[in-house]
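Student: model this:
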Amino acid sequence: MIRHAFALALAAMIPAAVRAAEPAQVMLLGTYHLNNNNRDLINLRVENVLTAERQRELDRLVDGLARWKPTRVAVEWAASDQAGLDRRYADYLAGTLTVTANERDQVAFRLARRLGLTKVDAIDWNGDAPGPGSDYDFVDWARRNGQQARFDRFVADGQADMDRIATAMRGQTVAEWYRELNTPEKRLEFQRPYYTIAAMGTDAASPGAAWVGGWYARNLRIFNNLRAVAQSGERVFVLYGVGHAFFLDDFMRESGAMRPVDPRPYLPRR
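Tutor: Predicted coordinates:
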């Protein structure tokens with residue numbers, strides 16, 4: 001009888017324990033860099049999002065995202081400088097911040113304020129890869145090894161694609177930008193150029209593969225920072241450059257550490 005009662009009590013406890021161990025839900029929204037920071041080999045020229053119409057569209061976008069009721073918002077800001085992000089967000093809440101076109105200010109801060117959150121989490125890592133920088137310099141390798149034309153064609157083709165996207169964006173709403181950008185097909189499209197970079201080199205010296213390996217490692221570091229934030233029971237909204245989205249989504253699924261949530265059902269149609 002005692003053994004039977006113990007078994008019943010244990011069975012009653014298991015559902016609660018299982019619920020407590022459920023992974024956090026994470027909604028990852030890949031984004032263009034809305035402030036045109038022009039830090040990459042290939043860059044997209046986004047039109048001014050500070051106009052009155054684009055601001056109304058951003059409000060509608062955030063209204064949709066808020067329906068998911070995130071408990072945290074995480075952004076592409078160095079985790080080692082959480083204090084700096086805290087100051088910036090505090091100034092935003094106080095109305096003393098000079099708000100920029102950066103997607104962090106326009107989407108993440110706006111959403112966190114709408115939700116009544118007192119903090120936005122910094123999860124980025126962008127330190128130096130180990131070893132000398134020349135081991136990763138595929139641009140210089142291409143120049144010194146008769147591959148300049150190949151490299152130039154890669155950049156020109158990529159920039160032409162970005163220019164076509166920029167032209168199309170002028171006739172779309174902000175919500176339409178994000179809806180199109182966060183399809184699995186579009187995330188894969190932004191992932192594929194890394195394989196072209198990885199092929200720049202030889203068996204003896206492969207700076208392209210080394211650079212992509214460093215990029216992979218950077219995304220693992222970001223993922224680890226996200227894991228520290230995304231505790232069981234949390235609903236974490238993550239806003240990150242679209243170039244990271246394929247990796248981060250893959251890491252969530254493969255590790256089982258988090259449950260990815262598709263953002264598209266929460267985005268306005270227009």
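Student: and the helices in the stretch 51-200 of the chain?
Tutor: Assigned by DSSP state H, counting those that start in this stretch, the helices in the stretch 51-200 of the chain fall at 52-66, 82-94, 103, 110-115, 138-144, 148-169, 174-181, 184-191, 193-198.
Student: return the most buried member of those.
Tutor: When the helices of the stretch 51-200 of the chain are scored by mean count of other Cβ atoms under 10 Å, the highest mean neighbour count falls to helix 103 (a mean of 25). For the C-beta atoms, the positions are set from N, CA and C on the backbone; glycine is no exception.
Student: ok so, going back, got CSV for the helices of the stretch 51-200 of the chain, with distance to residue 268 too?
Tutor: Output for those, formatted as CSV (distance: least, Cβ to Cβ, whole Å):
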stretch, distance to residue 268
helix 52-66, 5
helix 82-94, 23
helix 103, 17
helix 110-115, 14
helix 138-144, 40
helix 148-169, 16
helix 174-181, 4
helix 184-191, 18
helix 193-198, 30
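Student: to residue 205, which of those helices lies closest?
Tutor: Residue 205 lies closest to helix 138-144 among the helices of the stretch 51-200 of the chain, at 6.8 Å (Cβ to Cβ).
Student: which other helices and strands does the closest one contact?
Tutor: Secondary-structure packing of helix 138-144 (3 or more Cβ pairs under 8 Å, 6 or more residues apart in numbering; DSSP states H and E): helix 148-169, helix 207-229.
Student: contacts for the first one, please.
Tutor: The list of residues contacting helix 148-169 from outside it, by Cβ atoms under 8 Å, 6 or more residues apart in numbering, reads 41-47, 138-139, 142-143, 177, 193, 196-197, 200.
Student: average pLDDT for it?
Tutor: Computed over helix 148-169, the mean pLDDT rounds to 95.
Student: tell me the angle of that helix relative to helix 207-229?
Tutor: Using axes from the mean of the first three to the mean of the last three Cα atoms, to 10 degrees, one finds that helix 148-169 and helix 207-229 are set 40 degrees apart in direction.
Student: leaving out chain neighbours, which residue sits closest to residue 123?
Tutor: Of all residues not flanking residue 123 in the chain, residue 225 sits nearest, at 3.9 Å (Cβ to Cβ, 6 or more residues apart in numbering).
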